[in-house]
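In: Here is the input, now give the coordinates:
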Amino acid sequence: MCEPTTALLIASAGSSFLQYQQAKEAQKENFRRQKRQNDIARANAIRRYATEQLKIRQAVAKSSEKGFQADIRSKVARAKFIAGSEGLALSGSQERLMGDYYRVQGNYNASLQRNLGINIAQFERNLEAIQFGQEAQSTYLQPPNPALLFASSALNVANTYYSLEFQKENAGLMTNKQKNAQTNSVSGVWT
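Out: Numbering: from 1, shown residues only. Below you'll find the predicted structure:
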């Protein structure tokens with residue numbers, strides 16, 4: 001018949017084994033959850049990058065179109081002016097008026113370029129924020145460590161064993177070590 005210490009050790013070992021299995025599955029599930037969170041963060045960042053890049057392309061196209069339309073209007077106005085004064089020498093006021101067309105057109109084009117530069121700088125900051133956001137949403141991956149779990153479970157069983165031995169010793173009962181020593185000394189007599 002099993003003595004109580006052995007029965008308790010078997011129960012402790014069984015309990016530790018079940019806890020080991022549960023902890024191992026919990027670690028695997030936690031690792032899967034961490035990987036899933038990182039995948040979601042990455043996919044979110046990719047979508048946001050694509051949206052920002054589309055905005056940049058649209059802003060560049062819009063600026064180019066405005067510049068193109070302004071060039072056409074300016075050329076039409078200059079052509080009408082020149083056509084109206086055909087055959088005449090341009091006077092100083094007419095030359096200043098033509099110079100004014102060029103100045104206004106140049107200022108407008110410079111304004112378009114400045115605004116485009118500001119928009120691109122803002123989009124670049126947005127891209128940096130998206131990257132930072134992805135890093136903030138990502139989690140540290142902690143892969144399962146079954147060896148550490150096993151060692152912990154084994155130490156729990158050993159702790160239970162030594163705790164039971166200590167309780168026996170305090171109760172004045174013979175510990176397994178004392179029983180083994182006594183059996184070895186008696187068996188030494190028989191041989």
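
In: Spell out the residue ranges of the helices in the protein.
Out: 4-84, 92-137, 146-171, 176-190 (DSSP state H).

In: Columns mean neighbour count and mean pLDDT on top of the ones you listed, output as TSV?
Out: Any C-beta I mention is one placed from the backbone N, CA and C, and that applies to glycine too. Output for the helices of the chain, formatted as TSV (neighbours: other CB atoms under 10 Å; pLDDT from 0 to 100):
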stretch	mean neighbour count	mean pLDDT
helix 4-84	13	85
helix 92-137	13	86
helix 146-171	14	80
helix 176-190	10	66
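
In: Could you pull up phi and psi at the most centrally placed residue in the chain?
Out: Note on the chain: the residue nearest the mean C-alpha position is residue 138, at 2.4 Å, using CA atoms, centre = their mean. Residue 138 adopts backbone torsions of phi -80, psi 150, taken as degrees, to the nearest 10.

In: Tell me how far the closest residue to residue 30 other than its chain neighbours lies from residue 36.
Out: In this structure, residue 30 finds its nearest non-sequential neighbour in residue 142, 7.1 Å apart by CB to CB, 6 or more residues apart in numbering. Remark: distance between residue 142 and residue 36 (CB to CB, to the nearest Å) = 14 Å.

In: what sits against residue 124?
Out: By CB atoms under 8 Å, 6 or more residues apart in numbering, the contact set of residue 124 is empty.

In: what do you get for residue 66?
Out: Counted by CB under 8 Å, 6+ apart, residue 66 has contacts residue 112.

In: Residue 40 too?
Out: Neighbour list for residue 40: residue 137 [criterion: CB under 8 Å, 6+ apart].

In: again, but for residue 48
Out: Counting by CB under 8 Å, 6+ apart, residue 48 has contacts 130, 133.

In: just checking, residue 145 touches residue 26?
Out: No: look at residue 145 against residue 26 with CB atoms under 8 Å: they stay out of range, at 11.8 Å.
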